[in-house]
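[1] Could you look at this predicted model? Sequence included:
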Amino acid sequence: MKLFTQMTKMALFVTSLGFAGVSTAAETMDLDSLLKTLENGKTVQSAQNKQREQEFTSRQNQQVQMLNDTTAKRNQMLVESERLETQFEENEVKLANLTDTLSKRMGSLKELFGVLQQVAGDSSNKFATSVVSAELPGRSDFMDELAQKMGSTSKLASIEDIEKVWYELQREMTEQGKVSRFNSSVIVEGGNKAEQEVVRVGAFNLISQGQYLEYNPGTNTLSALTRQPVSRYTATAADLQDAKSGVVQFALDPTGGSILGLLVQAPDTSEQVHQGGAVGYVILGVGLLALLIAIERFISLLLVGGKIRRQLKDSVARDDNPLGRVMKVKDDYPHVAYDTLELKLSEAILREMPKITRNLTLIKIISVVAPLLGLLGTVTGMINTFQAITLFGTGDPKLMAGGISQALVTTVLGLVVAIPTVFIYTLLNTRSKGLLLILQEQSAGIIAERSEKGE
């Protein structure tokens, strides 16, 4: 009753709020009307609840029917499963009997088919990596299929399969002794493909346009080696491709590319020079300096020697050559005693000596310093090598061998600079001494002539 009173008050309050602003003449709802409204709502709700109960009951019956159907289907499948298990066991027994019968009927042929399977598998691997497959593709596919086929106990090789295996093996041996030409797409520098004539030398090498090619079994493509061997090898490849008949020398790799791969990995001359590092560059710098000085001295001494030889044929002293300037001393001092003239001539020869022997000492110094710089680079490189061994150990011989090789490059560069520099210095020093000897010889003649006149 208390709850009903509160609900009535709330309804009256909401009603009064709703109609307060509409009209002052609006009629308010009394308690009987509100009670009637609640009674009608309760009746409608009861009818809806009954309808829901009926729907739930009907659905429950449907669920019971579905459960019964599922149970019946499960029982049926269990029966079918038992039947299939029984049939599977019977089939296993039959299969074992048939397999035993097949083994007995095959007899010695079973060993033959086993050998055939092994040969097919080995030949498949061989054909996949052979350069002959660049010209004759698809041979390894047949061998793979045959090996898989022979691996199955239910399939046997036919006479045609056996004959084809023999044919492919014979063709591989025959092609190994041929130099064949064919057109194929070659991946050139930059990753582009170009149609080129390819020369196959047996099962060893492939060349095209004077370059060695590499065969990629995975993609069945040909590509030029990113780094070719030295020119004396590529020249033989170009000669072979240009030749149409006869015998041509060719640098053949009997390992099918292994030696060639190691050969192209070896550093060339420029790379070895770069391995010398800063010390190597210094050695080359001083060697270049010695070469420039030697060229200048050789040309200078050659010109001076020519002028001196011309002066020897002329009695008139000229100022354009050392001998003429020495001879001119006689004309400048015509009346002095021969001992005074000797001193004047010695002075003139000493004045000409620095011009003739200029920079020869620097060449000699370079010939001595170059091997010392090479030794310095070697010692520095060995220190770095032993530091690497300390850090990483001696487990990798290539690391130690590579470091020692780089360290010895500077020694080689030092000797390469020093040896010719010594010969050049000796040659230029001998030539300069020869010119000075001519000056001294003519000076002695002038003194002798003055001495004879004085007497």
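    Here it is on my side, so go on.

[2] which residues sit against the host helix or strand of residue 339?
    Residue 339 belongs to helix 338-356 when assigned by DSSP states H and E. Residues from elsewhere that reach helix 338-356, judged by Cβ atoms under 8 Å, 6 or more residues apart in numbering: 301, 304, 322, 325-326, 329-330, 332-333, 336, 432, 435-436, 439-440, 443, 446-447, 450-451, 454. C-beta here means a position set from N, CA and C on the backbone, and glycine is covered the same way.

[3] repeat for stretch 430-438
    301, 304-305, 308, 312, 322-323, 349, 352-353, 356-357, 360.

[4] Just the buried residues from these, in PyMOL please.
    Here is the PyMOL command that selects the buried residues among the contacts of stretch 430-438 (16 or more other Cβ atoms under 10 Å):
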select buried, resi 301+304+305+308+322+323+349+352+356+357+360
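
[5] Quick check: the farthest pair among the contacts of stretch 430-438?
    Maximum pairwise distance among the contacts of stretch 430-438 (Cβ to Cβ): 23.6 Å, between 312 and 360.

[6] mind listing what's buried in the helix holding residue 339?
    Neighbour counts over helix 338-356 (16+ other Cβ under 10 Å) mark 338, 341-342, 344-345, 348-349, 352, 356 as buried.

[7] Nearest to residue 172 among those?
    Once Cβ to Cβ is applied, the member of the buried residues of helix 338-356 that ends up nearest residue 172 is residue 356, at 75.2 Å.

[8] The closest one and residue 253, how far apart?
    Distance, residue 356 to residue 253, by Cβ to Cβ, to the nearest Å: 57 Å.

[9] do residue 362 as well
    From residue 362 to residue 253 the distance is 49 Å (Cβ to Cβ).

[10] if you count what's nearby, which of these two comes out ahead?
    Between residue 362 and residue 253, residue 253 has the larger neighbour count (other Cβ atoms under 10 Å), namely 18 against 15.

[11] which SS state does that one fall under?
    Under DSSP: H, G, I helix; E, B strand; the rest coil, residue 253 falls in the coil class.

[12] from what I can see it touches residue 260, true?
    Yes - assessed by Cβ atoms under 8 Å, residue 253 is found in contact with residue 260 at 4.5 Å.

[13] Please identify every residue contacting each of those two.
    residue 205.

[14] Tell me how many other residues crowd residue 287.
    21.

[15] pLDDT score assigned to it?
    On pLDDT, residue 287 comes in at 92.

[16] all strands of the protein, in order?
    179-187, 193-201, 205-208, 211-216, 221-224 (DSSP state E).

[17] what about the closest residue to residue 425 other than its chain neighbours, distance to residue 304?
    In space, residue 425 comes closest to residue 363 once its chain neighbours are excluded; the distance is 4.6 Å by Cβ to Cβ, 6 or more residues apart in numbering. To residue 304, residue 363 is 17 Å away according to Cβ to Cβ.

[18] go on, residue 178?
    67 Å.

[19] For residue 123, the count of nearby residues, please.
    Neighbours of residue 123 (other Cβ under 10 Å): 22.

[20] Could you double-check that it sits in contact with residue 166?
    No - using Cβ under 8 Å, residue 123 is not in contact with residue 166, being 10.6 Å away.

[21] so where is this structure shaky, pLDDT-wise?
    Scanning the chain for pLDDT under 70 picks out 1-29, 38-39, 41-44, 102-110, 151-155, 266-268, 392-403, 454-455.
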